[in-house]
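[1] got a sequence here, can you build the structure:
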Amino acid sequence: KSMREANEGFESNIMNSQNEKFYRQMLDEQMASELSANGSMGLADMIVAQLTAGQGNDKSETAMRDAANSAVEYRRVDPKK
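    Reported below is the predicted structural model:
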């Protein structure tokens, strides 16, 4: 709704009639009602899916990461050697 209000100054007189404003307001209210009923537009789920798509569950990668982490932990535990 606020995006539409910001653009009102750029619209011509034909597009800025009272009837047009009335139906736009009805459309905005209906869209708000539908979005609130669904809980979201699903954008967060799509973003998470895209970001995690390149992250495979490769066992060798996991084993190497675990070995590196345990080596770092070993150095932390025994710093005198």
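[2] in this structure, which spans are helices?
    Secondary structure of the chain (DSSP state H): helices located at 2-7, 18-38, 43-53, 59-77.
[3] in this structure, where is pLDDT below threshold?
    Counting by pLDDT under 70, the ranges of the chain that qualify are 1, 3-4, 7-16, 38-41, 54-61, 64, 69-81.
[4] can I see the domain layout of it?
    For the chain, automatic domain parsing gives the domain ranges 2-38, 43-77.
[5] export the helices of the chain to JSON lines and tack on mean neighbour count?
    For glycine as for every other residue, the C-beta is placed from the backbone atoms N, C-alpha and C. Shown next, in JSON lines, are the helices of the chain (neighbours: other Cβ atoms under 10 Å):
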{"stretch": "helix 2-7", "mean neighbour count": "9"}
{"stretch": "helix 18-38", "mean neighbour count": "10"}
{"stretch": "helix 43-53", "mean neighbour count": "9"}
{"stretch": "helix 59-77", "mean neighbour count": "10"}
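[6] show me what contacts residue 20?
    Residues near residue 20 by Cβ atoms under 8 Å, 6 or more residues apart in numbering: none.
[7] if I look at it, how far off is residue 6?
    Distance, residue 20 to residue 6, using Cβ to Cβ, to the nearest Å: 16 Å.
[8] equivalent analysis for residue 27, please.
    Computed as Cβ to Cβ, the residue 27 to residue 6 distance reads 17 Å.
[9] likewise for residue 23?
    The gap separating residue 23 from residue 6 is 19 Å, by Cβ to Cβ.
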